[in-house]
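Peer 1: Give the three-dimensional model of this entry:
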Amino acid sequence: MASAAEPTGPFTPNRDRLIAANETYATEGFTPDVPGAPSINLALVVCMDCRLDPLPMLGLANGEAHVIRNAGGVMTDDVIRSLTLSQRALGTREIVLVHHTQCGVQGIDEAAFKASLHEATGETPSWSVGSFDDAHDDVRAAIAQLKACPFLVDTEHISGFVYDVADGRLHAVD
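Peer 2: The predicted structure follows:
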């Protein structure tokens, strides 16, 4: 099982830095007229890994796509809920999935992870870890799951990629 990252020094909360950065953004970079519906009818499902910055990685601008992120970029009930709302309420028609190399979710032993949580807290989570052994295979499985989903409006335009964190390139999953 993967272990928690070791701290590199004393922890300093980011709250004040974030508030100051937001003030600069609000006065210098904020665009108030971006609609809530993605302008190119695109929804992305991407891992939450901090090495992935999906908009610039894909040449997109704010307002062009919904971005749904979670650990591993895996298909959870909440991802399917979000995609369903994205399509049915906000008009998206294309879904792009992005996993990546060196993912922290890859290879986690779900039973052992849940057992360690139970040991630490006395509680066992009801949710799945969503671990996978191969990013390409997991993208293929997610595409198949979405294509079979009765709640989505358009399952014809679903594609998947694995992003290489070593060189910044996407590799299509067929």
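Peer 1: part of a helix, is residue 99?
Peer 2: No - using DSSP: H, G, I helix; E, B strand; the rest coil, the assignment for residue 99 is strand, not a helix.
Peer 1: any idea how far residue 16 is from the nearest residue to it once chain neighbours are set aside?
Peer 2: Spatial nearest neighbour of residue 99, excluding adjacent residues (CB to CB, 6 or more residues apart in numbering): residue 135 at 4.1 Å. Glycine gets a C-beta too; all of them are placed from N, C-alpha and C. Relative to residue 16, residue 135 is positioned 37 Å away (criterion: CB to CB, to the nearest Å).
Peer 1: With neighbour numbers in mind, choose between those two.
Peer 2: residue 135 (25 against 9; other CB atoms under 10 Å).
Peer 1: quick one: contacts for the more buried one?
Peer 2: Under the criterion of CB atoms under 8 Å, 6 or more residues apart in numbering, the contact list for residue 135 reads 99-101, 103, 106, 162.
Peer 1: what pairs with the most centrally placed residue in the chain across the strands?
Peer 2: Nearest residue to the geometric centre of the chain (CA atoms, centre = their mean): residue 69, 2.3 Å. Judged by DSSP bridges, the bridge partners of residue 69 are residue 46.
Peer 1: And the strands in the chain?
Peer 2: Assignment of strands within the chain using DSSP state E yields the ranges 42-47, 65-70, 94-100, 158-163, 170-173.
Peer 1: so can I have JSON lines of those strands showing distance to residue 152 and mean pLDDT?
Peer 2: Rendered in JSON lines, the data for the strands of the chain read as follows (distance: least, CB to CB, whole Å; pLDDT from 0 to 100):
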{"stretch": "strand 42-47", "distance to residue 152": "10", "mean pLDDT": "98"}
{"stretch": "strand 65-70", "distance to residue 152": "13", "mean pLDDT": "98"}
{"stretch": "strand 94-100", "distance to residue 152": "8", "mean pLDDT": "98"}
{"stretch": "strand 158-163", "distance to residue 152": "9", "mean pLDDT": "98"}
{"stretch": "strand 170-173", "distance to residue 152": "19", "mean pLDDT": "98"}
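Peer 1: I'm done for today, thanks for sticking with me.
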